[in-house]
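Visitor: Got a predicted structure here, sequence first:
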Amino acid sequence: MSRRDDLSPEDRRIWARVAGSVTPSKPKKALRVVPGAADPGPPAAPLPKGPVKARAATPPYAPPPTAPARARGLPEALEPRRQRRLSRERDPIEARIDLHGYGRFQAQDALTAFLIGAQARGYRSVLVITGQGRRGGSGVIRASVHEWLQAPALRGVVSGFAAAARHHGGEGALYVTIRRR
């Protein structure tokens, strides 16, 4: 019996999620090893032929500093105007999902399926209710939902998100805008 046969369906699902979140490192080119040969060290630069002219030492090339680039496809914060229109219901909230009562993994699966379905139906904005956690603390789902919305699985779906207005759930809810297909 192999080790994979010992896993329950829940363990297999969790392992698939963990394995899918890892990106393999880039393989390095293997060095040629000759048995009995000493390590030659780094290769030396070839010597120039003919007379050598003295040159001023130039520093190695360094590219100019740039602003850190935002990873392509990551959701952004909603524009203030769009957030205001959603809170005043000038732009419709086309669907809602309430994640109360879900465990962490069940909530992530439900949220992913809900957002992909919303995009398939052509919705532009939805409300995700996470709750505030016990005794006003940061609940597990509320603390994790930002990470879930920025995960590679939803980069093609979510264009932005922001905290909801008080009458829509306040800190326990999020407005999420959906990309067009």
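Guide: Structure's in. What do you need? Model, not experiment: these values are computed from the prediction.

Visitor: Name the residues of the host helix or strand of Gln119 that are buried.
Guide: In the assignment (DSSP states H and E), Gln119 maps to helix 104-120. Across helix 104-120, burial judged by 16 or more other C-beta atoms under 10 Å covers 107-108, 111-112, 114-115, 118-119. C-beta coordinates here come from the backbone N, C-alpha and C atoms, glycine included.

Visitor: Same list (these) but as a markdown table, adding distance to Val128 and pLDDT.
Guide: Converted to a markdown table, the buried residues of helix 104-120 look like this (distance: C-beta to C-beta, whole Å; pLDDT from 0 to 100):
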| residue | distance to Val128 | pLDDT |
| --- | --- | --- |
| Ala107 | 10 | 89 |
| Gln108 | 12 | 90 |
| Leu111 | 7 | 91 |
| Thr112 | 11 | 91 |
| Phe114 | 8 | 91 |
| Leu115 | 8 | 91 |
| Ala118 | 10 | 90 |
| Gln119 | 14 | 90 |
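
Visitor: re the thing from before, what's the helix holding Gln119 packed up against?
Guide: helix 9-20, strand 95-98, strand 125-129, helix 140-149, strand 173-178 (3 or more C-beta pairs under 8 Å, 6 or more residues apart in numbering; DSSP states H and E).

Visitor: How many residues are close by the closest residue in space to Gly133 that isn't next to it in sequence?
Guide: Nearest residue to Gly133, sequence neighbours excluded (C-beta to C-beta, 6 or more residues apart in numbering): Gly139, at 2.8 Å. Gly139 has 20 neighbours, counted by other C-beta atoms under 10 Å.
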